[in-house]
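Undergrad: Coordinates only, no sequence provided:
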């Protein structure tokens, strides 16, 4: 019962800040609502016994990616945003489409049978899951891990190459 | 205890909000943040299924998703800086140079 109330709090704040994020006129306000959303998603991860991922969510998403967004939003001068239209001309149709999709998914979910308890195969206790996570990642998923390091390298080189001033001209 | 369907519904609603944000907003920052929103919805789904199936594979995939999101954000923000420098705008409907 207590867990359900905590989940409902997280869900309500997540959905409300997501809606506020896509409707604000000022991009800086959007970034701050995104920060609120990332904190509450980390709370949902804690609720699901994924404490390491909650920490990674806070450090990488809230601490690195969002600060990068904030820097670029503040670097570029977007003051004429206050006069321009926020959305394109299709936005009422898109909101109707989104509501339709959510209703459809809710109807599909209400017809299914879902477990309410975690399964019985878990042999590690809560909090000791990081060892198993690391073992799984470095043993069974070593090649995807290496590929993700190459992706990070490409991102690093690509960002520097794109953003630097062209000095040859 | 919390049923699995609650998490799926939360993730579906979050993903749909992200889709509406990508398709409707004009500011390219909001479009990119809506993409992050959709990635986070997928993460909630992966962690929820990993918890109810008692398999840590879902959490490993969340780490990969976060890695790809970080690389994507870095490259996309570099592209935005380049666009703002060359075209003087951050609105996606003004980037129509490829239009026939």
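TA: Sure thing, it's come through. From a predicted model like this one, the values you see are computed outputs, not experimental measurements.
Undergrad: switch to C-alpha atoms for all contacts and neighbour counts from now on
TA: Fine.
Undergrad: Mind telling me which residue is nearest the centre of chain A?
TA: The centroid of chain A falls nearest to residue A:38 when counting by CA atoms, centre = their mean (6.1 Å).
Undergrad: Nearest spatial neighbour of residue A:1, chain-adjacent residues omitted?
TA: Spatial nearest neighbour of residue A:1, chain neighbours left out: residue B:1 (6.8 Å); criterion: CA to CA, 6 or more residues apart in numbering or on different chains.
Undergrad: The one you found: which element?
TA: Using DSSP states H and E, residue B:1 sits within no helix or strand.
Undergrad: Help me confirm that it comes into contact with residue A:117.
TA: Yes: using CA atoms under 8 Å, residue B:1 is in contact with residue A:117, at 6.4 Å.
Undergrad: Let me know the pLDDT of the residue nearest to residue A:1.
TA: Note for residue B:1: predicted pLDDT of 78.
Undergrad: swap in residue A:88?
TA: 78.
Undergrad: likewise the one 5 residues further on?
TA: Per-residue confidence (pLDDT) for residue A:93: 91.
Undergrad: Tell me which residues of the helix or strand where it lies come out buried.
TA: Taking DSSP H and E as the definition, residue A:93 sits inside helix A:91-110. Judged by neighbour count using 16 or more other CA atoms under 10 Å in any protein chain shown, the buried positions of helix A:91-110 are A:91, A:94, A:95, A:98, A:99, A:102, A:106, A:109.
Undergrad: Which strands and helices lie in contact with that helix?
TA: helix B:4-24 (3 or more CA pairs under 8 Å, 6 or more residues apart in numbering or on different chains; DSSP states H and E).
Undergrad: near chain A at all, the helix it packs on?
TA: Yes: interface with chain A: helix B:4-24 contributes B:4-5, B:9-10, B:12-14, B:16-21, B:23-24 (CA under 8 Å from any CA of the partner chain).
Undergrad: Contact partners for residue A:34?
TA: A:17, A:18, A:21, A:66, B:33 (CA atoms under 8 Å, 6 or more residues apart in numbering or on different chains).
Undergrad: same question, residue B:89
TA: Counted by CA under 8 Å, 6+ apart, residue B:89 has contacts residue B:83.
Undergrad: sorry, back to before: would you mind giving the buried residues of helix A:91-110 as TSV with distance to residue A:142 added?
TA: What follows is those, written out as TSV (distance: CA to CA, whole Å):
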residue	distance to residue A:142
A:91	44
A:94	41
A:95	42
A:98	38
A:99	41
A:102	37
A:106	37
A:109	35
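Undergrad: show me where chain B has helices.
TA: Under the criterion DSSP state H, chain B carries helices at the ranges B:4-24, B:28-53, B:57-87.
Undergrad: In a markdown table, list these along with mean neighbour count and mean pLDDT.
TA: Supplementary listing: these in a markdown table, determined by neighbours: other CA atoms under 10 Å in any protein chain shown; pLDDT from 0 to 100:
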| stretch | mean neighbour count | mean pLDDT |
| --- | --- | --- |
| helix B:4-24 | 22 | 93 |
| helix B:28-53 | 22 | 93 |
| helix B:57-87 | 19 | 91 |
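Undergrad: among these, which is nearest residue A:166?
TA: In terms of CA to CA, the element of the helices of chain B nearest to residue A:166 is helix B:57-87, at 10.9 Å.
Undergrad: Hey, what's the angle from the closest one to helix B:28-53? Just curious.
TA: 180 degrees (axes from the mean of the first three to the mean of the last three CA atoms, to 10 degrees).
Undergrad: Which neighbouring elements make contact with helix B:57-87?
TA: Counting contacts by 3+ CA pairs under 8 Å, 6+ apart, helix B:57-87 packs against helix A:51-56, helix A:66-75, helix A:129-139, helix A:142-163, helix B:28-53.
Undergrad: Say whether chain B is contacted by the worst-scoring helix or strand of chain A on mean pLDDT.
TA: Least confident element among the helices and strands of chain A, by mean pLDDT, DSSP states H and E: helix A:129-139 (a mean of 87). Yes: applying CA under 8 Å from any CA, one finds helix A:129-139 touching chain B at A:132, A:133, A:136, A:137.
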